[in-house]
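Peer 1: Generate coordinates for the sequence data below:
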Amino acid sequence: MKKLALVVVFLFGSLASFAQDQPVPYRSVFVELGGSGLAYSFNYDFRFDKTRIDTWGMRVGAGGYKIGGDSFFSLPVLVNKLYGKDERFFELGLGMTFFGVNNESYSYCQSFDANGNCVGPLVTEESDVNFILPVDGSPSLMGTMNIGYRKIPENGGFTWRVNLTPIFNNNGFWPLFAGVGLGYAF
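Peer 2: Residues are numbered from 1 along each chain as shown. Predicted coordinates for the structure are as follows:
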């Protein structure tokens, strides 16, 4: 009987130490619509402490598009902290997003003759270089904050997030920008 009790205690002790040795999913990759990447971005997020999820971490990403003559590119970099336990976490973060915008210029004629040919001056106008807030040219920096909810499975797997992402620069502050992300934690 004592041998059986000793074997049971040994097995439970081994299982408990095995459960403690399982790695936590301190990294994730995700795509985010809106948020710190401004339009959308592909991101890598990691915790500085590999043994805990509810700790300080960092996120880096890249996003962009090209439609016709207009193009946009962004590089978000944020430091963040997760608060919570189990699979549910509140996230606070602060960072900067480097971005570049190339808007196509367009030209038009001010007056035409009877046959439809341009006879007046040709006027060329540049599109505004703005993304939510006015910016002083391109490339530029936008400050970003992150206030959100993140669901991370304890053993890794499908993860998602929703967040409010206030943005700011030297021309103003926009508190109502948001983002939604889907990805994989490992």
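
Peer 1: Please, where are all the helices along the protein?
Peer 2: Counting by DSSP state H, the chain has helices at residues 2-21.

Peer 1: Okay, now the unreliable bits of it?
Peer 2: The model of the chain has pLDDT under 70 over residues 1-22, 104-109, 122-131.

Peer 1: Now with 90, please.
Peer 2: Scanning the chain for pLDDT under 90 picks out 1-23, 39, 65-72, 85-86, 101-138.

Peer 1: hang on, isn't T51 packed against V24?
Peer 2: Yes - counting by C-beta atoms under 8 Å, T51 touches V24, with 6.5 Å between them. To be clear about C-beta, it is placed using only N, CA and C from the backbone, and glycine gets the same treatment.

Peer 1: Look at the two and report which has more neighbours.
Peer 2: Taking neighbours as other C-beta atoms under 10 Å, T51 and V24 compare with V24 leading, 19 against 10.

Peer 1: Please report how far the more buried one lies from F30.
Peer 2: V24 is 17 Å from F30, where distance means C-beta to C-beta, to the nearest Å.

Peer 1: again with N117
Peer 2: According to C-beta to C-beta, N117 stands 54 Å off from F30.

Peer 1: residue contacts, the closest residue to D54 other than its chain neighbours?
Peer 2: Leaving out its chain neighbours, the residue that sits closest to D54 by C-beta to C-beta, 6 or more residues apart in numbering is L82, at 5.0 Å. Residues near L82 by C-beta atoms under 8 Å, 6 or more residues apart in numbering: 47, 53-55, 57, 89-91, 150.

Peer 1: List the buried residues of stretch 30-38.
Peer 2: 30, 32, 34-38 (16 or more other C-beta atoms under 10 Å).

Peer 1: For the residue nearest the centre of the chain, which residues are in contact?
Peer 2: For the chain, the residue nearest the mean C-alpha position is S36 (4.5 Å; C-alpha atoms, centre = their mean). S36 makes contact with 59, 61, 76, 78, 93, 95, 97, 144, 146, 165, 179, according to C-beta under 8 Å, 6+ apart.

Peer 1: By neighbours, which of those residues wins?
Peer 2: Counting by other C-beta under 10 Å, top hit in the contacts of S36: P76 with 27 neighbours.

Peer 1: I figured that residue was touching G37, is that so?
Peer 2: Yes - in this structure P76 lies within contact range of G37 using C-beta under 8 Å: 4.9 Å.

Peer 1: hey, what's in contact with both of the two?
Peer 2: Listed as contacting both P76 and G37 by C-beta under 8 Å, 6+ apart are 43, 61, 63, 97.

Peer 1: Make CSV from these and add distance to F158 to it.
Peer 2: Below are the shared contacts of P76 and G37 laid out as CSV (distance: C-beta to C-beta, whole Å):
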residue, distance to F158
N43, 15
G61, 19
G63, 21
T97, 26
